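Participant: make a model of this:
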Amino acid sequence: MDIQLQFTTESAPTLDVDVLAVVINDPAAPPAIVAELDEVLGGALARELERDRIKADAPSSVIVTGGASGPQRIVLVGFGPDVDGRIDALRVAGSRIAGAARTAEARTVAITGTDSTEEFAALTSGVTIGDFRIHHHRGEPKADDKPRYFGIEQLTLVTDEGSDAATAAKTAHIAATAQNWARDLANAPANLLTPIKLAEQAEQLAAKHPELSFRSLDRAALVDQGFGMFAAVAQGSHDEPRLIVLEWNPAGASETDAQRLALVGKAVTFDTGGISIKPSGGMQDMKMDKGGGCAVLGAMRAIAELGVQRRVIAVVGATMNMPDGNAYRPGDVITAKDGTTVEIISTDAEGRLVLGDCITYVKELGCGGIIDAATLTGAIIVGLGHRYTGAIAKPSSLLDSVLAASTDTGDLAWHMPLHDEYKAHLKTECADLKNSGTRDGGALAAGSFLQHFAQDTPFVHLDIAGSGMLPKPRAFYGTKGASGAGVRLMTKVAASWTA
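Facilitator: Reported below is the predicted structural model:
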């Protein structure tokens, strides 16, 4: 359920909400709203501040029961003015507000105590992302079961709707809501979200926006049009693959086909590893191997809802990687869409094959820069863990835009080099390339493989294998599972980069 965002200039002590969050920038000089609330609460908030429960130098929070009327609970959220990474800490605070709401089973939440544009945007992101929960496929509740709590339904910000703070909060809310949608898609079981059904989700998205067009290619079209790598991965699965294309063409946008931004996503809706089969332990999480493609769809949703004034094209390769009797094999040599021959070393290095053909295709359609997102390598998890996305790229204005967007949004990416030396990992005697090399620099070799197909087009490869699949809650993500990494970053780049 999406949170509904609204604004009010009503006095906070009279708000009829389940939880009121009050931002405390300086515990020694709290905002006037604290004294106003204390007139009803008998000084309870002042006592909490006197007890040093809200810190001047670190994120902190405390919950106080409300009065007979107005907010049922008050959450004091504190930050010192000199805290490092303060905006990111505000997102964490927003997630804590969502956690407090969940504990209280609160459906209505309000935030006051600040007029800062940055603070409202960060808190809104944190609440929206922190409120997310994995969709549970449970049966209908029994008559005597306790009603299920599905999260916050309404978030109210105490500010004028025409203010800059409200505008920033709306933008943050749209991007975070699109990220949560991408998380829902990525978390969906493979039997419930096949490549065809993922394409249907993209089609339904396009139907809501006249300036967003949809089309797709099926297995026969992929074979007929020479998507040799993509088709090889898909041939082991009885579930039909789909190549999904979304084009955002807002009225008034001036970019030519050759100037538009391209987003490319890997959506392997279930990855067994194919003939190079994975160990059974943890294989259930391979339903999330579609996370990159889902992030691209989430970014396109945000781009459309925000009305970003630049043309963007998205291509998502959706398939399963299964060990069928028709599956491709280690040792096979296949021909990519651009004519490159590729020796298969591991069928579990399938994502780069799907992406390579998708990159060639989007170049044929026309673009000025390419960002791809994929849960591609375990090597990136070894290098960066689960906090940062690996941004594997050569220096370019597109890379600069990605790194700036990372800082602005908190959708964090770390630049990893794409040196020509890594091409040596892909050399083989019987084909132009092989799809897997040594363990050393594995994430960078995968990026080098993709760079081969991007050629001279500005290109950034986002490896979200770590940042996109969380083994436990972290930062402002309130749950494990798919994080939607890349959605807010790609949305920001679409709004800011110029070819």
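
Participant: going forward, measure contacts between C-alpha atoms and count neighbours the same way
Facilitator: OK.

Participant: do you know the pLDDT at residue 136?
Facilitator: Residue 136 is assigned 74 on the pLDDT scale.

Participant: residues in contact with residue 23?
Facilitator: 76, 77, 78, 79, 111, 112, 113, 114 (Cα atoms under 8 Å, 6 or more residues apart in numbering).

Participant: so the residue nearest to the last one when sequence neighbours are not counted, which state does it fall into?
Facilitator: Yep, that's residue 114 we're talking about. In this structure, residue 114 finds its nearest non-sequential neighbour in residue 23, 6.3 Å apart by Cα to Cα, 6 or more residues apart in numbering. At residue 23 the chain is in strand, as set by DSSP: H, G, I helix; E, B strand; the rest coil.

Participant: from residue 34, how far off is residue 23?
Facilitator: 10 Å (Cα to Cα, to the nearest Å).

Participant: now swap in residue 226 and tell me
Facilitator: 66 Å.

Participant: so those two - more neighbours on which side?
Facilitator: residue 34 (22 against 16; other Cα atoms under 10 Å).

Participant: related to what we said a few turns ago, among the contacts of residue 23, name the ones in strands.
Facilitator: If you go by DSSP state E, the contacts of residue 23 have 76, 77, 78, 111, 112 in strands.

Participant: which strand residues bridge the second one?
Facilitator: Same thing as residue 77. residue 23, residue 61 (DSSP bridges).

Participant: could you give the separation of the lengthiest helix in the chain from the chain centroid?
Facilitator: Ranked by residue count, the top helix of the chain under DSSP state H comes out as helix 164-187. Helix 164-187 has its C-alpha centroid displaced from the chain centroid by 9 Å (Cα atoms, centre = their mean, to the nearest Å).

Participant: output the contacting helices and strands for it.
Facilitator: Where contact means 3 or more Cα pairs under 8 Å, 6 or more residues apart in numbering; DSSP states H and E, helix 164-187 is packed against strand 4-8, helix 117-130, helix 291-306, strand 481-482, helix 487-496.

Participant: immediately after it, which helix or strand?
Facilitator: Using DSSP states H and E, the helix or strand that follows helix 164-187 in sequence is helix 195-207.

Participant: returning to what we had before: the longest helix of the chain versus strand 4-8: what angle between them?
Facilitator: 170 degrees (axes from the mean of the first three to the mean of the last three Cα atoms, to 10 degrees).

Participant: mind giving me the domain ranges of the chain?
Facilitator: Structural domains assigned to the chain are 4-160, 181-496, following automatic domain parsing.

Participant: need the distance between the two termini of the longest one.
Facilitator: Looking back up the chat, that one is domain 181-496. For domain 181-496, the separation between the terminal residues is 23 Å (Cα to Cα).

Participant: for the protein, which segments count as helices?
Facilitator: Taking DSSP H as the test, the helices found in the chain are 32-41, 44-50, 86-103, 117-130, 164-187, 195-207, 219-224, 228-234, 291-306, 351-365, 378-384, 397-409, 442-454, 487-496.

Participant: quick check: beta-bridge partners of residue 434?
Facilitator: residue 343.

Participant: pretty sure it contacts residue 344?
Facilitator: Yes - the pair residue 434 and residue 344 qualifies as a contact (Cα atoms under 8 Å) at a distance of 6.0 Å.

Participant: low-confidence stretches in this protein?
Facilitator: Applying pLDDT under 70 to the chain picks out residues 56-57, 80-84.

Participant: that older thread, any idea which of the contacts of residue 23 is closest to residue 1?
Facilitator: residue 111 (20.0 Å; Cα to Cα).

Participant: that closest one: neighbour count?
Facilitator: Residues near residue 111, counting by other Cα under 10 Å, number 25.

Participant: over to residue 171?
Facilitator: 17.

Participant: same question, the one 10 residues further on
Facilitator: Residues within reach of residue 181, counting by other Cα under 10 Å, total 23.

Participant: okay, it and residue 321: tell me how far apart.
Facilitator: Distance of residue 181 to residue 321, computed by Cα to Cα: 24 Å.

Participant: what's the answer for residue 59, then?
Facilitator: Residue 59 is 44 Å from residue 321, by Cα to Cα.

Participant: the more surrounded of these two?
Facilitator: Shown here are residue 59 and residue 321; by other Cα under 10 Å, residue 321 has more neighbours (28 against 17).

Participant: count of residues packed around the closest residue to the more buried one other than its chain neighbours?
Facilitator: In space, and not counting its chain neighbours, residue 321 is closest to residue 271: 4.9 Å by Cα to Cα, 6+ apart. The local packing of residue 271 (other Cα under 10 Å) involves 26 other residues.

Participant: and residue 271, how close does it get to residue 463?
Facilitator: Residue 271 sits 16 Å away from residue 463, going by Cα to Cα.

Participant: and the angle for the longest helix of the chain with helix 195-207?
Facilitator: Using the same axes, to 10 degrees: helix 164-187 against helix 195-207 is 160 degrees.

Participant: show me what contacts residue 131?
Facilitator: Here residue 131 is in contact with 95, 98, 99, 102, 151, 152, 478 (criterion: Cα under 8 Å, 6+ apart).

Participant: just flag the most distant two among the residues you listed.
Facilitator: 152 and 478 (13.3 Å).

Participant: so residue 194 makes contact with residue 269?
Facilitator: Yes - between residue 194 and residue 269 there is a contact under Cα under 8 Å: 6.3 Å.

Participant: now do the shared contacts for those two.
Facilitator: Contacts common to residue 194 and residue 269, judged by Cα under 8 Å, 6+ apart, are residue 319.

Participant: now do residue 250: how many residues are near it, please.
Facilitator: Neighbours of residue 250 (other Cα under 10 Å): 18.

Participant: apologies, that question was intended for residue 395.
Facilitator: Neighbours of residue 395 using other Cα under 10 Å come to 14.

Participant: for residue 401, see how far away it is.
Facilitator: 11 Å.

Participant: between the contacts of residue 131, which has the most around it?
Facilitator: Of those, with other Cα under 10 Å as the count, residue 98 tops at 28 neighbours.

Participant: which residues touch that one?
Facilitator: 126, 127, 128, 130, 131, 152.

Participant: for residue 86, same thing?
Facilitator: Taking Cα under 8 Å, 6+ apart, one finds residue 79 in contact with residue 86.

Participant: again with the one 3 residues further on
Facilitator: By Cα under 8 Å, 6+ apart, the contact list for residue 89 reads residue 59.

Participant: please apply the same query to residue 11.
Facilitator: Counted by Cα under 8 Å, 6+ apart, residue 11 has zero contacts.

Participant: please renumber the chain so that the first residue is 48 from this point on.
Facilitator: Okay, using 48 as the starting number, the last item reads as residue 58.

Participant: and it, how far from residue 423?
Facilitator: Taking Cα to Cα, one finds residue 58 at 50 Å from residue 423.

Participant: repeat that for residue 514.
Facilitator: With Cα to Cα as the criterion, residue 514 and residue 423 are 11 Å apart.

Participant: how about the helices of the chain, which one is nearest residue 194?
Facilitator: Residue 194 lies closest, by Cα to Cα, to one member of these: helix 133-150, at 13.7 Å.

Participant: report the angle between the axes of the closest one and helix 444-456?
Facilitator: Compare the direction of helix 133-150 with that of helix 444-456 by the same axes, to 10 degrees and you get 50 degrees.

Participant: could I get the CA-only coordinates of helix 133-150 as CSV?
Facilitator: Listed next in CSV are the C-alpha coordinates belonging to helix 133-150 (Å, rounded to 0.1, in the frame of the first residue of the first chain):
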residue,chain,number,x,y,z
ARG,A,133,23.5,14.4,8.7
ILE,A,134,21.1,14.1,5.7
ASP,A,135,21.7,10.3,5.6
ALA,A,136,21.1,10.2,9.3
LEU,A,137,17.8,12.0,8.7
ARG,A,138,16.8,9.2,6.4
VAL,A,139,17.6,6.8,9.1
ALA,A,140,15.5,8.9,11.5
GLY,A,141,12.6,8.7,9.0
SER,A,142,13.0,4.9,9.1
ARG,A,143,12.9,5.0,12.9
ILE,A,144,9.7,7.0,12.7
ALA,A,145,8.3,4.3,10.5
GLY,A,146,9.5,1.7,13.0
ALA,A,147,7.8,3.6,15.9
ALA,A,148,4.6,3.7,13.8
ARG,A,149,4.8,0.0,13.2
THR,A,150,5.2,-0.7,16.9
